[in-house]
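Colleague: would you be able to build a 3D model of this:
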Amino acid sequence: MDQNYHKDHLACHHCDKKLIACRYILKEEHPYCIPCYQELFAHNCEECKKPIGPDYKDLSYKDRHWHEFCFKCIECSKTLVDQPFAPKNEKIYCADCHDNLFAARCDGCHEPFRGGMKKFEYKGKQWHEQCFCCMVCKQPISNKSFIPRDQEVVCVPCYEDKFAQRCSKCNEVINKGGVAYKNMPWHRECFTCTNCNKELAKEKFTSRDEKPFCADCYADLFAKKCCRCAKAITGGLEVQSLSPLRIVTGIANVSSATSVSRTWSVKAS
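Modeller: Below you'll find the model as predicted:
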C-alpha cells in the first residue's frame, strides 16, 4: 500500500480495530481486518453457503460463486475444477452426468449426444455420424445424398446397384423419363424399333415375337402384300401403347448436421 500510517493509526476501515501485527486486506485503498472483509465483500458459496474468504479461491459462473473444493457435480460429486460442466435447473453437472440425464439420444444406438459429437437430423429423427449409415453397405452417409427405403436410408450408389430400375436395352439406371412395355422398363430413347432404331415413345408401333416395330417396318417386314398393287395390307395392324414408368426420385439430404457443444468455464479469483 502507498499510504503511510503511524502505528496507532493503522486500523480497519470498518470496525477501527488496530491492525499492527495483524493480517488485513486492502480494498479500494482501505485496510480491512479479515472478519470485516469477509462480512462486507466475500461471496457466499452456492454449495456450503459459507463465505469464500481470502484464503480460498473464488470460482464464479454467471454471478454464482463456489469454494474450489465445493465446485462439484451435483449427481456424482466429481470435482469440476478445470473440467467441462453443464448447468441445468440451477444445478451444476459434469459433462457425463448431464448427457446421461438430459442430452438428446441417437435414434440408431439410443446413446446420448455428447459434447463435440456431430448430430445428423432428418424428418424429426437424429443420429450420431457413425450411426447414420446406408442399410446396404453400412458406411456412414454423412453429408452425402441418400434415398429413404422401408424406414431405412440407402446411399445413392447402393440404391442404383440394388434397387433402381434398369433399362431392358442398355442396362443402365433409369433416373427419369422411363417407359414400361410388357412390364419391362426402358429409357425413352432406348425404346426403338427393332429394325430401324427409330424412337417409338411418341410413335405408333406393334410387336412381333415380343419385339417392338414401328408401323412402317412392321408393314414392310411382316404384313401381307396386295396381289394387285404389292403394297402392305395394314388394316388389321394392332397398334400398341406404352405406359409411363414410375421412377423413385426421392433423393434426400440431412436437414441439418450440427456439432454438439457443451463446454462452460468458470472465472477464478
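Colleague: would you mind writing the CA trace of stretch 101-118 as CSV?
Modeller: The C-alpha atoms that make up stretch 101-118 are tabulated as CSV, following Å, rounded to 0.1, in the frame of the first residue of the first chain:
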residue,chain,number,x,y,z
LEU,A,101,-29.6,-37.5,-17.7
PHE,A,102,-30.7,-34.8,-20.1
ALA,A,103,-29.0,-35.0,-23.6
ALA,A,104,-30.9,-35.9,-26.7
ARG,A,105,-30.3,-39.5,-27.8
CYS,A,106,-29.5,-41.1,-31.1
ASP,A,107,-32.3,-42.9,-32.9
GLY,A,108,-29.8,-45.5,-34.0
CYS,A,109,-27.9,-46.6,-30.9
HIS,A,110,-30.0,-44.7,-28.3
GLU,A,111,-26.9,-43.3,-26.7
PRO,A,112,-26.7,-39.6,-25.8
PHE,A,113,-25.1,-36.9,-28.0
ARG,A,114,-22.1,-35.8,-26.1
GLY,A,115,-20.1,-32.6,-26.5
GLY,A,116,-18.1,-32.4,-29.7
MET,A,117,-20.2,-35.0,-31.5
LYS,A,118,-21.9,-34.4,-34.8
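Colleague: any idea how far it is from the chain center?
Modeller: In this view, stretch 101-118 has its centroid 11 Å away from the chain centroid, taken as Cα atoms, centre = their mean, to the nearest Å.
Colleague: average pLDDT for it?
Modeller: Mean pLDDT, computed over stretch 101-118, is 88.
Colleague: next one: stretch 171-185
Modeller: Stretch 171-185 comes out at a mean pLDDT of 83.
Colleague: that stretch: which residues count as buried?
Modeller: Under the neighbour-count criterion of 16 or more other Cβ atoms under 10 Å, stretch 171-185 has V173, I174, G178, V179, A180, Y181, P185 buried. Heads up, the C-betas are built off the backbone N, CA and C, glycines and all.
Colleague: ok, which pair from those is furthest apart?
Modeller: V173 and Y181 (17.9 Å; Cβ to Cβ).
Colleague: follow-up on the earlier one: pipe the buried residues of stretch 171-185 into CSV and attach secondary structure per row.
Modeller: Shown next, in CSV, are the buried residues of stretch 171-185 (DSSP: H, G, I helix; E, B strand; the rest coil):
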residue, secondary structure
V173, strand
I174, coil
G178, strand
V179, strand
A180, strand
Y181, strand
P185, strand
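Colleague: all good on my end, thank you.
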